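Engineer: quick check, what structure comes out for this input:
(chains A and B)
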Amino acid sequence: MSFEVTGPPLVSPWMMLSMSEARNDIDETKIVIPGHSVCDAPQQFMRGHGTYVRDGEIVSSLSGVVQQLNRLLMVKTIKQRYAGEVGDVVVARVVEVQAKRWKCDVASRLHANLPLGSVLLPGGDFRRKDVEDEEKMSEFLKNGELICAEVQQVQHDGTLMLHTRNNKYGKLQQGILIKVPPHLIKKSKKHFHTLPYGMAVIIGCNGSVWVTPSLPETTLEEDGSHVHEFQIVPPDVRVTMVRIAACVRLLRDYSISIYLNSLTTCYEMSQPYEIKELAEQDTSSRLAYLIAARLLQELQQQK
Amino acid sequence: MAGRLREMRCELSFLKNADGSACFSQGATCIWASCSGPGDVHASKASDEAMTLDISYRANCGDNKFNVLNNIIHSTLSNAINLELFPHTTISVTVHGIQDDGSMGAVAINGACFALLDNGMPFETVFCGVLIVRVKDELIIDPTAKQEAASTGRVLFSVCKGSDGHPEVCAMDAIGHWDFIQLEAAWSLAQPSASAIFDFYKTVMKRKLSVDEQ
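Structural biologist: Predicted coordinates for the structure are as follows:
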């Protein structure tokens, strides 16, 4: 009986780099799949995430790498659904309008809730929401509309509570949405980035990246409400938007972490190529290799 | 007894839009499996106690409304996943038969397990499928379509890894007349094959993790 193991359709460029080709730094005994025993002496350890106790021994419930923190054993998996944390910036899509709240899809296990009391509505910044506001909910945010919000609370069942009580959050318009696996998003202090090319990028922790001409300017009206002013996007700006979106897709396809530095590096290195060339495998693999090499070099310089 | 599995090939993260997916083939039999979830579900389908399973096996041709494999995959997953961990959610597992050269049931179960492994959701133990057919009183493991057509009986074992590390039956589908001795012989033939498939799972995941850990 013979086995043949093949990698993902587009192999990560890290595999092309000679210094990490062998990947000898991963201890093979620490790689587990569900049902495998995690340790030989379970009495000495406490079980952590990704493990459960069966017949007195600690067993893995995830496919991943065993990590030990003092006496705590846990299994770290790479690919998993987004599990929100308080303070995360997310790009969500409204899926349902309910009584006093909107249900939003954040690519998590359960849909997130955006309560009526946690949004800035036209007609005043921080005021109590009345019956009239409740009736006009579907006018303010309709089904299918995109919003940018922050995770305010994580409930015991895993449901996320969102809020947009800030001028930088709210409805998103005039942009491109790219979905990437959440594990590729690198957590940072800032998730709203204004790029030097007259572009703004919102890198959502839930794996949704929003590319827009620039973060919309808000003007304050007499009644205290914030109104977004949108203009027609000129063709040259649209081309830049599409190039940045293509760069995000390239980073996604080659499993490279998405953060400000990797995005700007990719954008600058993609300049010699046409946008349509970035989708071709020959060009994209060559470019991904160069990006990975440069990011690795920068990482080593920082160390 | 003919006890030899055909060559196995697997490619993980095969489909971009699924949470977990795999292209798995055993010999010339090939399937695409995808697994999405756990995700939110409409209130009419949601259960307060447990996660709901949405299983769909689709053959490469013909009527796709219902297939007996749906039940087998459903009962296997119910046994492997602790459904009570994720109330109010659903998981959708779809298996598409691409090319059928025998043992489609076993290949579908193996593909579903690979998709679940690629998904990254917690479940209690890995599982696999082993098909055994009887041709002129001879038991053949992992048969081709030709051998399957000539068989007088076939039994599909859905096997999960037991607490002692040995294979255990969690679902079974038998066609034709089987007496106890024949079933015992079939099961003893299936056990080493199941262990080999479990080893293959680990080999594939080691390879995947060595790529993704970067």
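
Engineer: tell me which residues touch A:Thr77, please.
Structural biologist: When contacts are counted by CB atoms under 8 Å, 6 or more residues apart in numbering or on different chains, A:Thr77 is found next to A:Gly50, A:Leu62, A:Ser63, A:Gly64, B:Gly120. From N, CA and C alone the C-beta is placed, and that goes for glycine too.

Engineer: for beta bridges, what are the partners of the residue nearest to it when sequence neighbours are not counted?
Structural biologist: Once its chain neighbours are removed from consideration, A:Thr77 has its nearest residue in A:Gly64; the separation is 3.7 Å (CB to CB, 6 or more residues apart in numbering or on different chains). In this structure, A:Gly64 has beta-bridge partners A:Val32, where bridges are defined by DSSP bridges.

Engineer: check contacts around A:Gly64.
Structural biologist: By CB under 8 Å, 6+ apart, the contact list for A:Gly64 reads A:Ile31, A:Val32, A:Gly50, A:Val75, A:Lys76, A:Thr77, A:Ile78, B:Gly120, B:Leu209.

Engineer: ok, these vs B:Leu85, which is closest?
Structural biologist: For the contacts of A:Gly64, the minimum distance to B:Leu85 (CB to CB) is 12.0 Å, reached by A:Gly50.

Engineer: phi, psi for A:Ala292 please.
Structural biologist: Main-chain torsions, A:Ala292, degrees, to the nearest 10: phi -60, psi -40.

Engineer: no, scratch that, I was asking about A:Ser63
Structural biologist: phi -100, psi 120.

Engineer: residue boundaries of the helices in chain A?
Structural biologist: Assigned by DSSP state H, the helices in chain A fall at A:131-135, A:137-140, A:235-253, A:260-269, A:281-302.

Engineer: export those helices as JSON lines, with columns for mean neighbour count.
Structural biologist: Formatted as JSON lines, the helices of chain A follow (neighbours: other CB atoms under 10 Å in any protein chain shown):
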{"stretch": "helix A:131-135", "mean neighbour count": "11"}
{"stretch": "helix A:137-140", "mean neighbour count": "14"}
{"stretch": "helix A:235-253", "mean neighbour count": "19"}
{"stretch": "helix A:260-269", "mean neighbour count": "18"}
{"stretch": "helix A:281-302", "mean neighbour count": "15"}
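
Engineer: out of the ones you listed, flag the one nearest B:Ala190.
Structural biologist: Proximity to B:Ala190, assessed across the helices of chain A by CB to CB, is greatest for helix A:235-253 (39.5 Å).

Engineer: show me how far that closest one is from its chain's centre.
Structural biologist: Using CA atoms, centre = their mean, to the nearest Å, we find the averaged C-alpha position of helix A:235-253 to lie 17 Å away from the chain's own average C-alpha position.

Engineer: quick check: domain ranges of chain A?
Structural biologist: A:25-77, A:79-172, A:175-219+A:232-302 (the TED database).

Engineer: quote the end-to-end distance of the second one.
Structural biologist: Right, domain A:79-172. 28 Å (CA to CA, to the nearest Å).

Engineer: picking up where we left off before, turn the contacts of A:Thr77 into a markdown table, columns for distance to A:Ala149 and pLDDT.
Structural biologist: Rendered in a markdown table, the data for the contacts of A:Thr77 read as follows (distance: CB to CB, whole Å; pLDDT from 0 to 100):
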| residue | distance to A:Ala149 | pLDDT |
| --- | --- | --- |
| A:Gly50 | 29 | 84 |
| A:Leu62 | 29 | 82 |
| A:Ser63 | 32 | 81 |
| A:Gly64 | 30 | 84 |
| B:Gly120 | 25 | 82 |
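
Engineer: all helices for chain B, in order.
Structural biologist: For chain B, applying DSSP H gives helices covering B:68-80, B:104-119, B:145-149, B:180-212.

Engineer: and the first one, which residues are buried?
Structural biologist: This points to helix B:68-80. Along helix B:68-80, the positions that meet the burial threshold by neighbour count (16 or more other CB atoms under 10 Å in any protein chain shown) are B:Leu69, B:Asn70, B:Ile72, B:Ile73, B:His74, B:Ser75, B:Thr76, B:Leu77, B:Ser78, B:Asn79, B:Ala80.

Engineer: tell me the pLDDT of residue 26.
Structural biologist: By default, I'm working from chain A. A:Ile26 carries a pLDDT score of 52 in this model.

Engineer: I was after chain B.
Structural biologist: We note a pLDDT of 84 for B:Gln26 in this prediction.

Engineer: count the residues that sit near B:Thr90.
Structural biologist: Burial measure for B:Thr90: 20 neighbouring residues, criterion other CB atoms under 10 Å in any protein chain shown.

Engineer: which residues are in contact with residue 94?
Structural biologist: Picking chain A for this. Neighbours of A:Val94 in contact, by CB under 8 Å, 6+ apart: A:Trp102, A:Lys103, A:Cys104, A:Leu114, A:Leu141, A:Lys142, A:Asn143, A:Gly144, A:Glu145, A:Leu146, A:Ile147.

Engineer: that's the wrong chain, I wanted chain B
Structural biologist: The contact partners of B:Thr94, by CB under 8 Å, 6+ apart, come to B:Ala33, B:Ser34, B:Cys35, B:Ser56, B:Tyr57, B:Arg58.

Engineer: check A:Trp102 too.
Structural biologist: A:Trp102 makes contact with A:Val94, A:Glu96, A:Asn113, A:Leu114, A:Leu116, A:Met137, A:Leu141, according to CB under 8 Å, 6+ apart.

Engineer: grab the nearest non-local neighbour of the residue in chain B positioned nearest to chain A.
Structural biologist: Of the residues in chain B, the one nearest chain A is B:Thr125, at a distance of 3.3 Å by CB to the nearest CB. Taking CB to CB, 6+ apart as the measure, B:Thr125 lies nearest to A:Gly35, with 3.3 Å between them; neighbours along the chain are not counted.

Engineer: again with A:Ser208
Structural biologist: For A:Ser208, ignoring the flanking residues on the chain, the nearest one in space by CB to CB, 6+ apart is A:Val91 at 3.7 Å.

Engineer: the one you found: neighbouring residues, count only.
Structural biologist: Residues within reach of A:Val91, counting by other CB under 10 Å, total 26.
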